[in-house]
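Colleague: Predicted model and sequence below, questions to follow.
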Amino acid sequence: MIKRLYPNLYLNSINEIDTVALKQEGIKGIIFDIDNTLVPYDVLDPTDEIISFFERLKSEGFQICLASNNTEDRVVRFNKGLKVFAIHKSGKPSTKSFKRALELMHLTSNQAVIVGDQIFTDVFGGNRANLKTILVKPVSEKDEWITKVKRGIERKVIAHYEKHNR
Ligand SMILES: [Mg+2]
């Protein structure tokens, strides 16, 4: 059971994503969580860094889909400067939005990776949908209250994961 909470990779940030390695594994699409994965949850627009990062991914041939449990307003506004596929109110860890993301990108589950900062939504949901999963450290200490509650348990899972995977 606990393995379902383990990511395939645990990185400090999205900047450590090795796109060459992903390509070699047959990955063609990247699903990104937004809040605390790309920007803090109270930052409304993508930073220049995120914009150029996404441009690079696109030029390398990757398809991109945002999948956020946040509202339509949040996701549509954030995506304005990015223009990638986007799913709001994604209901992660439900597998529904991941299946939708694969449909949008015309990919199968073994061709995509989910990148997110939360074990119980991004990683657990991604594993259930048979995606490759990359956990990143949250970009900000600030969390919404419900997320804060989960961080304590997440720390325990991460400690367990690091003990058994390093
Ligand atoms: Mg998040």
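Modeller: Thanks, I have the structure now.
Colleague: Which strand residues bridge the residue nearest to residue 7 when sequence neighbours are not counted?
Modeller: Once flanking residues are discounted, residue 7 sits nearest to residue 135: 3.8 Å by CB to CB, 6 or more residues apart in numbering. Using the backbone N, CA and C atoms, a C-beta is placed for each residue, glycine as well. With DSSP bridges as the criterion, the beta-bridge partners of residue 135 are residue 10, residue 116.
Colleague: I figured residue 27 hits residue 108, correct?
Modeller: No: under the criterion of CB atoms under 8 Å, residue 27 is not in contact with residue 108, lying 11.1 Å apart.
Colleague: quick one, which of those two is more surrounded?
Modeller: A side-by-side neighbour count of residue 27 and residue 108, using other CB atoms under 10 Å, places residue 27 first with 18 against 13.
Colleague: Name the nearest residue to that one, ignoring sequence neighbours.
Modeller: Distances taken as CB to CB, 6+ apart put residue 113 closest to residue 27, at 5.3 Å, once the chain neighbours are dropped.
Colleague: My reading is that the one you found lies in a helix. Confirm?
Modeller: No: if the criterion is DSSP: H, G, I helix; E, B strand; the rest coil, then residue 113 is strand and not within a helix.
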